[in-house]
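1. could you look at this predicted model? Sequence included:
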Amino acid sequence: MEILLLQDVNKLGQKDDLVTVKNGYARNYLIPQGYAIAATPSVKKSHSENLKQRAHKEEKIRAEAEELAAKMADISLVIGAKTSSSGKIFGSVNTIQIAEALKSKGFVIDRKHITLPGDAIKEVGKYQASVKLHRDVKVNISFEIVAE
């Protein structure tokens, strides 16, 4: 079934994307939750008109995201964590701590837009995280986890 996404759906697509999914997924989850609508010919036609009108605004948003990515590429974060004597972290470091560290540097990024190598980090060291600022703009930031 072809649907039009009304908002971003993780691992499926961005707002205003036309995607094809299985019928049950669309009818039982996406449409009732308000994430999507069925892509009928009239919906597709109005969607194409809306995209034409929004192209200029989208380019401005993308330019702002690229400018922010250029600023973020140079930063490196240091995150403190309680550790054992062998360097293992009690608990783990996840996207919430990365988002808070970015906020302290002046960058307000939603934690859902940050991707870590693996699920969570459980050892002291240097790592890279990917931050998605726009559908086409991603930036890698380096961070180091140190013992407190």
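-> On my side now, so go ahead.
2. going by C-alpha atoms from here, please, whenever you check contacts or count neighbours.
-> Will do.
3. the longest helix along the chain - contacts with which helices or strands?
-> When the chain is parsed with DSSP state H, its longest helix is helix 41-72. Counting contacts by 3 or more Cα pairs under 8 Å, 6 or more residues apart in numbering; DSSP states H and E, helix 41-72 is packed against strand 138-147.
4. and the longest helix of the chain with strand 138-147, angle?
-> Per axes from the mean of the first three to the mean of the last three Cα atoms, to 10 degrees, the angle that helix 41-72 makes with strand 138-147 is 50 degrees.
5. list the buried ones in helix 41-72?
-> 47, 62, 65, 66, 69, 72 (16 or more other Cα atoms under 10 Å).
6. OK, contacts around the third one?
-> It refers to residue 65. For residue 65, the contacting residues are 133, 134, 137, by Cα atoms under 8 Å, 6 or more residues apart in numbering.
7. centre-most residue in the chain?
-> Centroid-nearest residue in the chain, with Cα atoms, centre = their mean: residue 113, separated by 2.3 Å.
8. where's the residue lying closest to that one once chain neighbours are set aside relative to residue 19, distance?
-> Excluding its sequence neighbours, the residue lying closest to residue 113 (Cα to Cα, 6 or more residues apart in numbering) is residue 132, at 5.2 Å. To residue 19, residue 132 is 20 Å away according to Cα to Cα, to the nearest Å.
9. and the two? which has more neighbours close in?
-> Comparing residue 132 with residue 19 by other Cα atoms under 10 Å, the one with more neighbours is residue 132, at 20 against 15.
10. now stretch 109-119, how far from the centre of its chain.
-> When distances are taken as Cα atoms, centre = their mean, to the nearest Å, stretch 109-119 is centred 7 Å away from the chain's centroid.
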